[in-house]
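A.B. asks: any chance you can model this:
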Amino acid sequence: MLVGRKWYLTLTSFAGVLVCIYWFYIYREGEPVVSKDRHHVTSENKETQDISHKNINHTSATTVHEYHNRFQEIKESGMHLITNYPMMTESPWIEAQSETKKSRLWERQLEIEEVLQRNLNNTLVTAVHLLVNQPSAEQRLRELSFHNKHKIVVRRIEALPKYKDFFVYVNEKLLHRLVVMLNMDIYIGEGFELLNRTFFVRNNISYTLTRNLRQERRCDMSGQFGYCKRGFGASLDTYVFVLTRRVNESELSELDYEANAIRAENRLVWVFRHRLNKKLLNPCLILKTYHSHCVKIRGRVRPRVEGNLETVRMSGLYN
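C.D. replies: Below is the predicted model:
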């Protein structure tokens, strides 16, 4: 009887240890495993607060990028915006503008930053990747108090941005992600909640979008040239795509020109269609982007792209 009692106590103790291990596993960090996705979403909000105070320099940009990697599985629908950010009053941007008066250039600078803030505020946007070619622009990004500043990821480049620079970055950081590449004065509007990454991959489709126009804080942009209207697609300012392979050197060489060049977008369309073999659609009446360019400063000297050029007429989401 004594031996049996000892065995009983031993088995009971062992069972108690197993129960403790089980409940520790299930409720580790205060959340059940069955609610793991919900826990990650909640943790994301917490981590957003934890990193929002960090400066946006090369080190903090890496931290932000790693943060988005960790949560990509549960934020598969999230969009990665990629654009550029200039310091308009400094070289080499100032020499390339139609005006050089600094007060006017500051107005344009603030207008671009308002657009950036709009994109940061969009709840569908996971990160905004900025190509920057001036130390002064990096410094200003560190100093500005953007809301949702933690979404900013900085990539340093050495000269005025070329489309090649954007795709080199996508090769390195954004393969298999839902990417929205857009001009620095374009912001995301209605309809983007309809995007489905799986649809892009399965059908090998990319969108090239013509901008919409409306009343902006600084002026009324409606009625300006190059906007989206029924049966016609004019200026192309936004590109939505998922790359499942790297853009090779031969394809990159087709994009080795400044992004503000005349007919730059028409060459990019040709590359998407004939080198990357994408089916291109322009559902600009459904996926709305807006152009904010009330301060009428433009590129003074713009090179012209020659050769293989195409455009994309307005379409629906699927055909």
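A.B. asks: hey, where'd the helices end up in this structure?
C.D. replies: 2-26, 36-51, 58-70, 102-121, 135-143, 163-173, 197-203, 249-253, 264-270 (DSSP state H).
A.B. asks: which of the ones you listed has the lowest mean pLDDT?
C.D. replies: Across these, helix 36-51 has the smallest mean pLDDT, namely a mean of 31.
A.B. asks: what residue is smack in the middle of the protein?
C.D. replies: Leu81 (1.2 Å; CA atoms, centre = their mean).
A.B. asks: what separation is there between that one and Arg263?
C.D. replies: Computed as CB to CB, to the nearest Å, the Leu81 to Arg263 distance reads 24 Å. Yep, even glycine has a C-beta here, placed from its N, CA and C like the rest.
A.B. asks: and Arg104, by the same measure?
C.D. replies: 27 Å.
A.B. asks: could you do Glu249 as well?
C.D. replies: 23 Å.
A.B. asks: more crowded one of these two?
C.D. replies: Arg263 (17 against 7; other CB atoms under 10 Å).
A.B. asks: just want the phi and psi numbers for the closest residue to Ile286 other than its chain neighbours.
C.D. replies: With sequence-adjacent residues excluded and distances taken as CB to CB, 6 or more residues apart in numbering, Ile286 is closest to Gly191, at 4.9 Å. Main-chain torsions, Gly191, degrees, to the nearest 10: phi 100, psi -20.
A.B. asks: and the nearest residue to Leu120 once chain neighbours are set aside, how many neighbours?
C.D. replies: The spatially closest residue to Leu120, leaving aside those adjacent along the chain, is Asn148, at 4.2 Å (CB to CB, 6+ apart). Close neighbours of Asn148, defined as other CB under 10 Å, add up to 16.
A.B. asks: tally of neighbours for Arg304?
C.D. replies: Neighbours of Arg304 using other CB under 10 Å come to 9.
A.B. asks: how about Glu158?
C.D. replies: Quick note: Glu158 (other CB under 10 Å) scores 6 neighbours.
A.B. asks: and it, its phi and psi?
C.D. replies: Torsion angles, degrees, to the nearest 10, at Glu158: phi -100, psi -10.
A.B. asks: identify the spatial nearest neighbour of it, chain neighbours not counted.
C.D. replies: Nearest non-adjacent residue to Glu158 (CB to CB, 6+ apart): Asn133, at 6.3 Å.
A.B. asks: can you list the low-confidence ranges for the stretch 201-319 of the chain?
C.D. replies: Of all residues in the stretch 201-319 of the chain, those with pLDDT under 70 make up the ranges 223-226, 230-233, 299-300.
A.B. asks: could you redo the last one with a cut-off of 90?
C.D. replies: 212-235, 260-262, 292-303, 319 (pLDDT under 90).
A.B. asks: and the direction of the lengthiest strand in the chain versus that of helix 135-143, what angle?
C.D. replies: Secondary structure assigned by DSSP state E gives strand 125-132 as the longest strand of the chain. Regarding strand 125-132 and helix 135-143, their directions subtend 150 degrees when assessed with axes from the mean of the first three to the mean of the last three CA atoms, to 10 degrees.
A.B. asks: and the angle from strand 125-132 to helix 102-121?
C.D. replies: 150 degrees.
A.B. asks: now for strand 125-132, which elements pack on it?
C.D. replies: Packing contacts for strand 125-132, counted by 3 or more CB pairs under 8 Å, 6 or more residues apart in numbering; DSSP states H and E, involve helix 58-70, strand 79-84, helix 102-121, helix 135-143, strand 152-156, helix 163-173.
A.B. asks: ok, it: who's next to it in the sheet?
C.D. replies: Using DSSP bridges, strand 125-132 pairs in its sheet with strand 79-84 (parallel), strand 152-156 (parallel).
A.B. asks: other residues contacting that strand?
C.D. replies: 64-65, 68, 72, 75, 78-86, 116, 119-120, 138, 141, 151-157, 161, 165-166, 169, 173-174, 188 (CB atoms under 8 Å, 6 or more residues apart in numbering).
A.B. asks: of those residues, buried ones?
C.D. replies: Using 16 or more other CB atoms under 10 Å as the burial test, the contacts of strand 125-132 include 64-65, 68, 75, 78-86, 116, 119-120, 138, 141, 151-155, 157, 161, 165-166, 169, 173-174, 188 as buried.
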